[in-house]
Structure formats: structure tokens, C-alpha cells
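**Student:** Just to be clear, the model below is a prediction. Sequence and coordinates:
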Amino acid sequence: MILAQQVRRPLVGVALSIAAGLGIQRGLGGAPLLMLSAGALLLAFASWKVLCSRRTTPLIYVVCGLLAATHAAINEMPVPSRAALPVAEVNFHQQELIGTVEDEPSVSSADGTASFLFRTATVRHGEEQLPSDAVLRVYLKKSAAPILFGEQWRLKGRYIGYERPRGGADGFLSVSGADACKIKEAGISLASRCYEVRRRAAAWLRLGVEAFPEQTQLLHAMLLGYRQAIPPDLYQMFIRTGTLHIFAISGQHVVILGAIFIAGLKIFGIARPRWGLSLLPALFLYIFTTGLQPSALRALAMAGVFFVAPLAARRPDAMSSIALATILLLAFQPENLSDPGFLLSFVVVYGLIVVNGWTMRQIKEFRLAGWEAPLKRLSGNHPAAVLLRNLGLMMLTSLAAWLFSAPITAWFFNNLSLAALIGNLAVIPLTFMVMLAGCLALLGGIFFFPAAAALFNQANLLFIGLLIWIVERLSPLPGACLAVRAPSAPVTGLWYAGWILFFTGPVRWRKGALSLVLLSVLLWGSAHFESDRDIKILRAGDSAVAVRLPEKKQWMLVTDGDPFSTARAIRLLQKEGVNRLHTLTVIDKKADAEAIRRLQEIFRPEQIRNSAGGDGLYWPAGGGFVRVSPGR
């Protein structure tokens with residue numbers, strides 16, 4: 001049985017036990033010393049079982065889970081330095097921090113805002129400086145000096161903590177250039193050298209296309225990891241269409257770069273078993289330079305297994321390589337288990353593997369009179385047959401990725417993008433062409449002449465322009481993106497259990513597996529039905545209040561347009577599964593027009609009222625509001 005074969009792999013069992021241990025510890029907690037003692041006792045008992053020549057595999061898995069839970073519990077132990085910044089957020093309107101720049105800043109061409117990760121060292125509490133250890137995302141507007149990795153800065157601004165860590169940060173800090181001061185220059189390190197190479201690569205990818213900043217920013221985000229430089233409006237379109245994954249440095253990047261490196265290794269006559277000795281360090285430097293994203297580290301670990309296995313005279317195995325990558329990343333950072341990028345990367349890749357394996361088995365076992373000749377022609381080298389096979393593979397990949405990512409996307413982002421099923425069919429091939437042309441532009445500019453880089457950059461203008469056109473057409477479609485409530489743990493478990501049993505279990509289990517999937521859908525859908533007799537109120541501090549009218553379940557949002565409270569109001573509405581607003585009422589003349597425009601784009605209110613300037617209807621335009629109808 002395929003399912004049993006997967007679980008019997010030792011690395012897969014260890015990875016599952018570690019993930020289960022971390023999940024149970026995160027949900028139930030537990031004393032680290034108690035869990036460590038239990039793990040030691042079980043390990044001693046397992047050692048005695050070995051001496052008695054008995055099976056100890058289940059005990060080993062339990063020990064691995066306990067050790068992982070102990071490791072996570074120790075990391076989560078209360079430390080004063082971790083609580084200093086959240087306390088300052090509550091007690092003070094602004095926070096003054098001293099810390100170090102943790103990555104290469106991304107600068108938006110729209111308003112010059114620099115975005116970067118910042119590790120805090122101290123935070124001011126009144127007249128004293130307290131030690132702090134937190135990583136936050138900084139948005140620095142109109143900086144007087146460029147920001148580089150490793151520099152020490154003093155920043156003063158408004159800190160907002162995330163509900164869950166996001167992108168390696170605990171929250172974000174908005175700072176103006178006048179409130180930022182450089183304290184210490186950066187030292188020389190491997191990271192600074194890598195980021196310098198990254199800046200040079202960005203300059204090569206800008207050559208010849210300087211007049212197209214939007215397309216250039218997308219190219220930098222897709223190839224070099226400058227995601228924060230993407231214009232906010234375009235970023236929202238990619239979220240709505242479920243195609244934001246193309247900006248994650250992942251397996252596709254590793255495959256393209258690996259193919260280019262392998263071609264060079266073949267030219268120099270290096271034997272296949274030794275490819276990994278040269279290829280893996282180069283891939284690591286690229287992934288290190290682009291920010292060490294979880295999806296990139298997963299791809300690197302899998303590539304390492306595939307290229308190192310021949311040196312040990314072993315056959316590479318996809319499931320074992322995924323399991324090894326899971327073990328390594330969770331061992332170094334147990335908090336990855338709650339990171340959406342980590343979960344999406346591993347779960348989707350696993351889904352692609354099992355769905356592709358299931359499809360291959362169905363094709364091999366397919367027997368039907370009269371279909372022998374068409375199937376033989378379809379497996380040939382005719383261009384039409386190749387096109388049909390590739391189209392079918394893309395459709396299968398898009399469906400599998402959606403099935404295995406839907407609960408995670410709904411859990412973390414409270415939305416489901418039905419447009420992703422269509423959009424990925426065009427976006428994934430275009431993404432491949434963009435990355436291929438970008439790599440060739442870098443190689444051509446570095447090893448040949450600048451005109452070669454400009455030529456491939458011009459080709460990328462066509463690919464990226466088509467990509468933007470597709471996203472712009474899909475985003476406004478009705479039902480393209482639905483706001484939903486986060487599924488519960490039982491619903492998520494039933495969903496994945498059903499699909500895994502369907503694709504890896506025996507044929508007799510398939511009806512039962514589909515029943516589990518249907519049950520999860522019914523339970524998830526029932527959470528969206530509520531009595532319409534009561535008024536429901538959601539409050540985001542003193543700046544925004546959302547009210548659900550009982551008659552038609554219409555939602556009305558009243559806000560002062562503060563950009564900080566707007567973000568929280570959006571999250572509250574999305575968690576309730578709100579897709580449309582009936583009325584958006586602005587109660588402050590100084591409301592941030594960009595914040596109101598964002599509310600309009602996400603929830604498409606039927607009307608916007610500005611009660612601060614009369615009882616008329618107002619729409620955001622330019623830097624303020626335009627009255628479109630008289631008050632009543």
C-alpha cells in the first residue's frame with residue numbers, strides 16, 4: 001500500500017513525530033523539564049528494548065516528538081527582553097528603539113519608503129532604556145541616508161505587533177526620516193558581501209528598462225526576493241488571484257539555476273556524482289542572498305539530498321528529502337511550524353508529489369478497448385501530443401496546489417482564491433520564462449556585454465506585462481477571492497486526511513476518503529451561518545467599529561481613517577468572512593486617503609459617507625475625497 005510505504009520511511013516518521021510534538025506543545029503547552037524527563041525515560045526504555053531484540057520504532061518516534069516539544073517549550077519560556085517591546089506598545093504612543101538592520105532594504109519607487117527587518121537591542125520606557133530582543137518590519141519614509149545590512153540605527157515611530165509572527169517579524173514600525181539616526185556603520189561579513197552582489201544583480205536587471213519601474217520591481221521581487229518593493233495595489237491583485245506564490249524563492253528558482261550550473265559543469269567535464277560539490281555551495285549563496293526564505297531552504301535541502309545521495313551510493317528519494325528538510329528547519333527554528341510560508345511550501349510540494357504519483361498509477365492501470373492507439377500517440381513526440389501533456393500537467397499541478405493549500409490560506413489569510421485555479425495555468429509558465437530570461441540577462445551582462453542583459457530585460461518586459469494583464473483581468477471577477485472564516489483544527493484534519501487517503505490509499509478507501517472531505521466542507525460551511533436576528537459589533541480600538549445590520553446581514557464600517565487601525569479592522573472583517581461592505585463611513589476630515597482606498601479595493605462598499613464634511617457621499621480621489629452626491 002502506498003500510504004504504508006511512505007510512513008515506513010524512517011525520515012518521514014521522524015519528521016511527522018517532530019511536527020506532531022511541536023503542534024501538541026503549541027496547543028497544550030507543558031513544562032520543559034517534565035517533557036525532557038519523559039523523553040529520557042522513554043529513550044532508556046527503547047535502549048533496553050533494543051538489547052532485547054524487540055521493535056522500538058514507535059518509541060523512537062515518541063521520543064523525537066517529546067524532544068521537539070521540549071525544544072519549543074524552552075524557546076517560548078518568558079524572557080524580559082521579549083516582553084519589553086509589547087509593553088511599550090501598550091504604554092506609549094510612540095516607541096524609540098535601538099537595533100541592527102537584519103536584511104537588505106527594499107525601496108518603493110512610489111514614495112521612496114524603505115522596508116527592512118530590524119532586530120531590536122533596547123527600547124525606551126520613559127527615562128530608561130530596557131533590553132529588547134525582537135525582530136520587526138520597519139517602514140522608513142524619506143530617509144536622509146541609505147540603509148545597509150548590519151548598520152545600527154536609532155528609530156522612533158509607531159509600533160504595531162502582529163497577532164502571529166509574519167515573515168520572520170513580530171510586528172512593524174512606521175518611521176519618518178527625521179526620526180531615524182544612524183549610530184554605527186556596518187562591518188564586513190559574508191552577508192554584506194552577498195547583499196552587495198544582490199544590489200549589483202538588481203542593477204543588471206534594470207539595464208535598458210529604466211523607464212518601466214513597475215515591471216522592474218516585479219522582476220526584482222521574483223528573481224532576487226525584493227517582495228516589499230511591489231506596489232501595494234498590484235500586491236493586492238496577486239493576493240486576490242492566489243498567485244502571490246510566484247514571488248517566493250522556491251524550487252523553480254533552484255531548478256533553473258541548477259540547470260544553468262549543470263550545463264557549465266558538463267562543459268568542463270565534471271562527472272555527474274560530483275555535481276553536488278560545486279552546485280550546492282552556489283545554490284546556498286543564492287538562497288542566502290535572497291533572504292533565506294523557508295521555501296528556498298526546503299528546495300535547497302531537497303536538492304542536497306538528490307545530489308549527495310549518489311556520493312553515498314544511494315538512490316535519491318523525494319519523500320525522504322522533504323522529511324529531512326522538515327527536520328532540519330524545525331530543529332533550527334521550531335516557530336516555523338506556525339509560519340504560513342513554511343507550511344505552504346512543504347504541504348503543497350507533498351501534495352504535488354502524491355497527486356502526480358496517483359496520476360501516473362492511474363495512467364499505467366488504464367485499460368479500455370479502443371483507447372490503445374490514441375494513448376500511444378499521446379505519449380509520442382508530436383508537438384500536439386507534447387502540448388496536450390504539458391497542458392494536462394499544468395492543470396493537474398494547479399488543482400493539486402489549490403487542494404493542499406486552501407485550508408492553510410484560509411487559516412492564515414482568511415480568504416480562498418478560486419481564480420488561482422485558472423490563473424496558475426498562465427502564471428506558472430510565464431514565471432518560468434521570466435526567471436529564465438532574468439538568469440540569462442545576469443549571465444549575459446556579467447560574462448559577455450551589457451547589450452545582452454538589456455536584450456533579455458526587454459524580453460522580460462513582454463512576459464511581465466502579460467503577467468500583469470492576466471492578474472488585472474482576473475482580480476475583479478465576481479468570486480475570484482472569497483473572505484472566509486479560518487477552519488477549525490478538526491475541519492483541517494478531516495480535509496487533509498481525506499485527500500491523503502484518496503491519493504495514497506487503496507481503491508476501496510476512496511469513497512470513505514471523499515466522505516471525509518465532504519464532511520470537512522459541511523462543517524466549515526456551517527460555521528458561516530449565523531442567526532440574522534442580532535446586531536453584531538466588531539471594534540478595532542477607538543478608531544474603527546464594524547456593525548452588521550440584522551435585516552439583510554449588511555455590514556457597515558465606521559472609521560476615522562487611521563492607517564494603523566485600518567489594518568486591524570480589515571483583519572477583523574476578513575476573519576468574519578466579510579466580502580462586501582454596504583456602507584463605509586469616515587468620521588475624520590484628516591482621514592488617510594490611502595487607507596480608505598484600501599478598504600474600498602478590498603470590500604467594495606456600495607457607498608462611502610464622510611460625516612465629518614456633511615452627510616453626502618464621498619469617494620477617495622488623489623490625496624483627498626470628491627463629493628459625488630448631495631446629502632439627504
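**Tutor:** It's in. Residues are numbered from 1 along each chain as shown.
**Student:** Wait, Arg26 touches Ala72, no?
**Tutor:** Yes - assessed by CB atoms under 8 Å, Arg26 is found in contact with Ala72 at 6.9 Å. Where C-beta positions appear, they are placed from N, C-alpha and C, glycine not excepted.
**Student:** Give me the more crowded residue out of the two.
**Tutor:** More neighbours surround Ala72 than the other of Arg26 and Ala72, with 24 against 16 (other CB atoms under 10 Å).
**Student:** element containing the more buried one, please.
**Tutor:** Per DSSP states H and E: Ala72 is located in helix 57-75.
**Student:** Repeat that for Ala83.
**Tutor:** According to DSSP H and E, Ala83 maps onto helix 80-91.
**Student:** likewise Ile262?
**Tutor:** helix 251-267.
**Student:** All the strands of the stretch 1-150 of the chain, residue numbers only.
**Tutor:** All strands of the stretch 1-150 of the chain, identified by DSSP state E, counting those that start in this stretch, fall at 95-101, 106-107, 114-125, 128-131, 135-141.
**Student:** ok, the shortest one: who's next to it in the sheet?
**Tutor:** Each strand that strand 106-107 pairs with, and the sense of that pairing, follows from DSSP bridges: strand 114-125 (antiparallel).
**Student:** With the fourth one instead?
**Tutor:** Note on strand 128-131: by DSSP bridges, its sheet partners are strand 114-125 (antiparallel).
**Student:** what angle do the partner strand and helix 80-91 make?
**Tutor:** Inter-element angle recorded for strand 114-125 and helix 80-91: 90 degrees (by axes from the mean of the first three to the mean of the last three CA atoms, to 10 degrees).
**Student:** part of a strand, is Glu163?
**Tutor:** Yes - using DSSP: H, G, I helix; E, B strand; the rest coil, the assignment for Glu163 is a strand.
**Student:** what about it, distance to Ser520?
**Tutor:** 24 Å (CB to CB, to the nearest Å).
**Student:** higher neighbour count, the two?
**Tutor:** Ser520 (23 against 9).
**Student:** Got phi/psi on the more buried one?
**Tutor:** Main-chain torsions, Ser520, degrees, to the nearest 10: phi -60, psi -40.
**Student:** Next, the contact list for it, please.
**Tutor:** Each residue near Ser520 by CB atoms under 8 Å, 6 or more residues apart in numbering is listed here: 487, 491-492, 494-495, 498.
**Student:** do that again at 10 Å, thanks
**Tutor:** 407, 487-488, 490-499 (CB atoms under 10 Å, 6 or more residues apart in numbering).
**Student:** again, but for Asn424
**Tutor:** 241-243, 245-246, 394-395, 397-399, 401-402, 417, 431.
**Student:** re earlier: and the helix holding Ala83, what does it pack against?
**Tutor:** strand 95-101, strand 114-125, strand 128-131, strand 152-166, strand 169-176 (3 or more CB pairs under 10 Å, 6 or more residues apart in numbering; DSSP states H and E).
**Student:** Same list, the ones you listed, but as TSV with distance to Val107 please.
**Tutor:** Output for the helices and strands packed on helix 80-91, formatted as TSV (distance: least, CB to CB, whole Å):
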stretch	distance to Val107
strand 95-101	13
strand 114-125	5
strand 128-131	29
strand 152-166	16
strand 169-176	14
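**Student:** Could you work out which of those reaches nearest to Phe413?
**Tutor:** When the helices and strands packed on helix 80-91 are compared by CB to CB, strand 152-166 sits nearest Phe413, at 10.3 Å.
**Student:** shaky segments in the stretch 351-500 of the chain?
**Tutor:** Across the stretch 351-500 of the chain, residues meeting the criterion (pLDDT under 70) sit at 364-390, 447-448.
**Student:** can you map out the helices along it?
**Tutor:** Secondary structure of the stretch 351-500 of the chain by DSSP state H, counting those that start in this stretch: the helices cover 372-378, 383-413, 420-447, 450-474, 489-504.
**Student:** Many thanks, we can stop here.
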